[in-house]
Every structure is written in C-alpha cells, then in structure tokens.
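Undergrad: Sequence first, then the predicted structure:
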Amino acid sequence: MQKINSPPSLRRQKRSALLALFTVTLAAVLFLFILPALTKQPVVLTMLMQGQDIVNWKPFVKEFEQKNPDIRINLIEGPFDSNLVENLYP
C-alpha cells in the first residue's frame, strides 16, 4: 500500500504552529517562574519570643543571617506570662 504524504504547505503550517506553541510556552515559563526568582525581594521573618529566650537565640540568628544575606529575622520580645501570650494570638 502506498503512503500518501501531506502537501509541503500543510507541513509548513504544522511546523509553524508547533514553533509558535513552543515559543509561547517558553515565554510563559520565563515570565511566570524564572523572572520573579531573579528579581526577588529580601525575606523578613518575625518571631515572637519570651525575653529570656531571645538572648539565647541571637547568636544563631546572626550566624543564619550571615549565611543567608537575603533573609532577615526579627526577634520580638513577648510577655513571659503564658496567659498574656495567649492574648496576643488572633
């Protein structure tokens, strides 16, 4: 049985459509995933802790921030009494 080939113009149209689809997909990936990762803003984490614990955590936070310069940690001194801490929760 003889195979019937499609005309060259139809093959060119299919190839052009696939190339356009590939280009649009590549552009979408670039703008949705890669570009935001390259233009990211620094991250700031805020932790509420009891005052006596902050002193122990400061060396770890300093070391972490040196290893991760784009991440900053704010330690906020909270009340010592557990009843007062519960009042801070939403």
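TA: Good, I have the coordinates.

Undergrad: check contacts around L75.
TA: Residues near L75 by C-beta atoms under 8 Å, 6 or more residues apart in numbering: 47, 49, 54, 57-58, 61. Quick note: C-beta positions are derived from backbone N, CA and C, even for glycine.

Undergrad: do N83 as well
TA: Residues counted as contacts of N83 (C-beta under 8 Å, 6+ apart): none.

Undergrad: okay, now the domains of this structure?
TA: Each domain of the chain is listed here as a residue range: 7-40, 41-90, per automatic domain parsing.

Undergrad: Format the ones you listed as a markdown table; extra columns: mean pLDDT.
TA: What follows is the domains of the chain, written out as a markdown table (pLDDT from 0 to 100):
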| stretch | mean pLDDT |
| --- | --- |
| domain 7-40 | 78 |
| domain 41-90 | 84 |
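
Undergrad: So which of the contacts of L75 belong to helices?
TA: Judged by DSSP state H, these include 54, 57-58, 61 as members of helices.

Undergrad: Serialize the residues you listed to a markdown table and add fields for distance to D81 and neighbour count.
TA: Formatted as a markdown table, the ones in helices among the contacts of L75 follow (distance: C-beta to C-beta, whole Å; neighbours: other C-beta atoms under 10 Å):
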| residue | distance to D81 | neighbour count |
| --- | --- | --- |
| I54 | 16 | 16 |
| W57 | 20 | 14 |
| K58 | 22 | 12 |
| V61 | 24 | 16 |
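
Undergrad: which residues does A17 contact?
TA: Applying C-beta under 8 Å, 6+ apart, we find A17 in contact with no residue.

Undergrad: hang on, it in a helix?
TA: Yes: under DSSP: H, G, I helix; E, B strand; the rest coil, A17 sits within a helix.

Undergrad: quick one: it from L45, how far?
TA: 47 Å (C-beta to C-beta, to the nearest Å).
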